[in-house]
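In: build me a structure from this.
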Amino acid sequence: MSRVFIISSNTAIDPYPVYPLGMAVVAGILQQAGHQVMQHDCLAQGADPQLLKEKIRRFAPHVIALSLRNIDNVDSFSGDAGWFLHAARELVASLRLISPVPIVVGGPALTIMPEAIADYLQVDHAIVGEAERSFPELMAALECGETLPRVIQRGHPVSGDEFGCPLYDPQLVGFYHHHSGMLNLQTKRGCPYRCSYCSYPHLEGGKFRVRDPRQVVDELKRLKSDHGTNHVFFTDSVFNDPKGEYLQLVEEILGADLDLKWSAFFRPQGFGRQELKLMKRAGLYALELGTDAASDITLAGINKGLTFDEVIEVNNACIKERLPAAHFVMFGVPDETQATVTEGLENMKALGESVVFAFSGIRILPEAPLLRRAISDGVIAADTPLLKPVYYFSPQVDRQWMEEHITAAFAKDRHRIFPPSEGLLRMTAMKGFGFVGLMWDRLIRFPRDTAVE
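Out: Predicted coordinates for the structure are as follows:
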């Protein structure tokens with residue numbers, strides 16, 4: 001069997017440091033297949049070539065694997081500073097000087113544009129999609145000396161019960177406990193919704209593949225017993241599925257009496273106080289909501305499949321249950337006009353004590369339906385390269401006017417954050433006072449008369 005040195009290249013900390021779950025899953029898969037693995041996290045441990053050289057020299061790997069989480073930070077204000085592939089390319093170049101072994105890249109960022117990213121990074125092989133089957137198969141082929149293509153296309157998706165179990169590194173766990181106060185876990189993959197800008201259906205498939213709740217709870221037990229973890233973020237594309245299977249997991253967590261606090265990313269539709277009460281009893285302490293747009297017209301423009309009244313209904317239920325909620329909202333989306341911007345900013349007021357993170361424009365990705373809309377609207381040409389960030393802005397509204405109005409509307413409200421860099425400034429300040437975790441939830445102070453009935 002082989003030795004594999006796995007590197008997580010992510011160094012982004014906005015809005016908080018996130019444990020490299022993808023690397024941990026790959027490490028667990030390879031170890032289960034009989035390979036030796038060593039994990040290195042560029043955020044927690046740095047990307048200094050001398051450090052990497054020494055670790056690689058001692059471990060003497062047969063293969064180096066690079067986990068690529070994001071292409072960029074999807075913030076239209078960032079410019080080249082928000083583009084992560086240049087640093088990844090430099091890292092690959094450094095690794096070439098350190099070791100002659102094959103370099104393999106994988107991860108969600110790679111799967112969005114596999115050929116373009118593999119070419120840009122100049123790696124030997126790129127694994128598209130899930131690694132549970134493809135990575136062990138790649139290792140077996142390399143050990144046999146087979147000639148393989150640069151890009152290894154995805155095979156059949158694995159079922160929920162076949163997801164790889166993460167191999168958490170105790171040293172890295174300590175870093176993330178200290179700097180973010182939580183670890184991550186996945187309870188399902190896939191997304192059945194067809195939001196026009198989103199890459200999740202392309203990355204993970206167009207339906208939910210749900211893990212057995214007992215498997216998830218077993219992993220939660222291990223996180224608590226082996227690593228002392230008290231807070232977890234579930235990294236599903238959407239935690240609440242329309243069939244209500246997420247509630248089976250919630251019941252399993254309740255029955256296990258784990259005494260864990262958790263949060264997740266929710267679709268603001270189809271649940272209310274009854275579900276929130278149950279989840280709160282099971283440890284839910286805050287919700288991140290994929291609201292995405294600020295008016296019915298713009299929600300329809302991105303094919304969100306919900307109305308703003310539904311958003312308000314979920315939001316009000318959160319407030320009544322005294323559960324902090326954060327909405328992520330984009331302006332400048334298809335069908336945005338001055339009128340919808342004005343309406344959207346009024347709608348933001350209706351969210352009350354909840355936090356709103358606002359973004360300007362939408363990152364255009366190759367497999368997302370938004371690309372066709374951007375071409376038909378004349379926002380980009382059909383042959384526009386998308387490796388570096390390109391954003392959709394509605395041609396029906398002036399960007400400068402829109403951003404000035406968002407800034408003015410959010411200026412005096414601690415719950416409203418725009419541009420995105422403002423959020424990082426606030427979180428950094430809070431870290432300076434010793435806070436960890438989501439941190440945005442600490443911006444919320446529920447009135448005393450907002451009592452749970």
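In: just the strands from the stretch 151-300 of the chain, written as ranges.
Out: Taking DSSP state E, counting those that start in this stretch, the strands of the stretch 151-300 of the chain run over residues 151-152, 183-185, 188-189, 209-210, 231-234, 261-266, 284-292.
In: the third one: partners in the sheet, and parallel or antiparallel?
Out: Next to strand 188-189 in the sheet, as set by DSSP bridges, lie strand 209-210 (antiparallel).
In: the strand it pairs with: how far from the chain's middle?
Out: Between the mean C-alpha point of strand 209-210 and the mean C-alpha point of its chain there is a distance of 17 Å (CA atoms, centre = their mean, to the nearest Å).
In: what is the mean pLDDT for it?
Out: Summarised as a single mean, pLDDT over strand 209-210 is 96.
In: for stretch 29-40, same thing?
Out: Averaged over stretch 29-40, pLDDT sits at 97.
In: and that stretch, how far out from the chain middle?
Out: If you compare the mean C-alpha spot of stretch 29-40 with that of the full chain, they lie 24 Å apart, counting by CA atoms, centre = their mean.
In: can you map out the helices along the stretch 1-150 of the chain?
Out: Secondary structure of the stretch 1-150 of the chain (DSSP state H, counting those that start in this stretch): helices located at 21-32, 42-45, 49-59, 85-98, 108-112, 114-121, 134-143.
In: please name every helix or strand in contact with the fifth one.
Out: Taking 3 or more CB pairs under 8 Å, 6 or more residues apart in numbering; DSSP states H and E as contact, the helices and strands that helix 108-112 lies on are helix 114-121, helix 200-204. C-beta coordinates here come from the backbone N, C-alpha and C atoms, glycine included.
In: for Arg57, which of those helices is the nearest?
Out: Proximity of the helices and strands packed on helix 108-112 to Arg57 was assessed by CB to CB; the nearest stretch is helix 114-121, lying at 22.7 Å.
In: show me where the stretch 301-450 of the chain has strands.
Out: Under the criterion DSSP E, counting those that start in this stretch, strands of the stretch 301-450 of the chain are mapped to 325-331, 355-360, 362-363, 391-392, 416-417.
In: quick one, which of these is nearest to Asp161?
Out: Across the strands of the stretch 301-450 of the chain, the minimum distance to Asp161, taken as CB to CB, is reached by strand 325-331, at 30.8 Å.
In: now do that closest one: which elements does it pack against?
Out: Contact analysis of strand 325-331 by 3+ CB pairs under 8 Å, 6+ apart lists strand 284-292, helix 308-320, helix 338-349, strand 355-360 as its packing neighbours.
In: any idea how far Glu313 is from Thr307?
Out: Glu313 is 9 Å from Thr307, where distance means CB to CB, to the nearest Å.
In: ignore what I typed, I meant Ala282.
Out: As defined by CB to CB, Ala282 lies at a distance of 28 Å from Thr307.
In: and what of Glu275?
Out: Looking at Glu275 against Thr307, where the rule is CB to CB, the gap reads 19 Å.
In: which one of these two is surrounded by more residues?
Out: Here Glu275 and Thr307 are set side by side on neighbour count (other CB atoms under 10 Å), and the busier one is Glu275, at 19 against 14.
In: verify the contact between the more buried one and Leu247 for me.
Out: Yes. Using CB atoms under 8 Å, Glu275 makes contact with Leu247 at a distance of 6.7 Å.
In: in the protein, which ranges drop under the pLDDT threshold?
Out: Applying pLDDT under 70 to the chain flags residues 430-434, 449-453.
In: now do the domain split for the protein, please.
Out: Per the record's domain assignment (automatic domain parsing), the chain is made up of the domains 3-152, 181-443.
In: and the longest one, how far from the chain's centre?
Out: Read it as domain 181-443. Centroid separation between domain 181-443 and its chain, computed with CA atoms, centre = their mean, is 10 Å.
In: mind checking how far the nearest residue to Pro389 once chain neighbours are set aside is from Pro108?
Out: Spatially, and ignoring its direct neighbours in sequence, Pro389 is nearest to Asp72 (4.8 Å; CB to CB, 6 or more residues apart in numbering). The gap separating Asp72 from Pro108 is 13 Å, by CB to CB.
In: try Glu343
Out: Applying CB to CB, one obtains 34 Å for the distance of Glu343 from Pro108.
In: picking up where we left off before, so which of the helices and strands packed on helix 108-112 is nearest Lys412?
Out: When the helices and strands packed on helix 108-112 are ranked by proximity to Lys412, the top entry is helix 200-204, at 35.1 Å, counting by CB to CB.
In: now do the buried residues in that closest one.
Out: Of the residues in helix 200-204, those scored as buried under the neighbour-count criterion (16 or more other CB atoms under 10 Å) are Tyr200, Pro201, His202, Leu203, Glu204.
In: tell me the one of those nearest His156?
Out: Within the buried residues of helix 200-204, distances to His156 taken as CB to CB reach their minimum at Glu204, with 13.2 Å.
In: can I get the helices of the stretch 1-150 of the chain in CSV including mean neighbour count?
Out: As requested, the helices of the stretch 1-150 of the chain are arranged in CSV below (neighbours: other CB atoms under 10 Å):
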stretch, mean neighbour count
helix 21-32, 22
helix 42-45, 20
helix 49-59, 14
helix 85-98, 16
helix 108-112, 22
helix 114-121, 18
helix 134-143, 17
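In: turn those into JSON lines, including distance to Pro15.
Out: Putting the helices of the stretch 1-150 of the chain into JSON lines (distance: least, CB to CB, whole Å) gives the following:
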{"stretch": "helix 21-32", "distance to Pro15": "17"}
{"stretch": "helix 42-45", "distance to Pro15": "14"}
{"stretch": "helix 49-59", "distance to Pro15": "27"}
{"stretch": "helix 85-98", "distance to Pro15": "20"}
{"stretch": "helix 108-112", "distance to Pro15": "18"}
{"stretch": "helix 114-121", "distance to Pro15": "25"}
{"stretch": "helix 134-143", "distance to Pro15": "30"}
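In: among the ones you listed, which comes closest to Leu287?
Out: It is, among these and with distance given as CB to CB, helix 21-32, at 19.8 Å.
In: show me what the closest one is packed up against.
Out: strand 3-8, strand 36-41, strand 63-67, helix 134-143.
In: contacting residues around that helix?
Out: Outside helix 21-32, the residues within contact range by CB atoms under 8 Å, 6 or more residues apart in numbering are 4, 6-8, 37, 39, 41, 65, 67, 69, 106-108, 131-132, 135-136, 139, 163-169, 184-186, 235.
In: angle of it against strand 36-41?
Out: Direction vectors for helix 21-32 and strand 36-41, defined by axes from the mean of the first three to the mean of the last three CA atoms, to 10 degrees, enclose an angle of 170 degrees.
In: chain center to helix 21-32, what's the gap?
Out: Centroid displacement of helix 21-32 relative to its chain, using CA atoms, centre = their mean, is 18 Å.
In: any idea of the angle that helix forms with strand 3-8?
Out: Helix 21-32 and strand 3-8 meet at an angle of 170 degrees, taking the same axes, to 10 degrees as the criterion.
In: great, nothing more from me.
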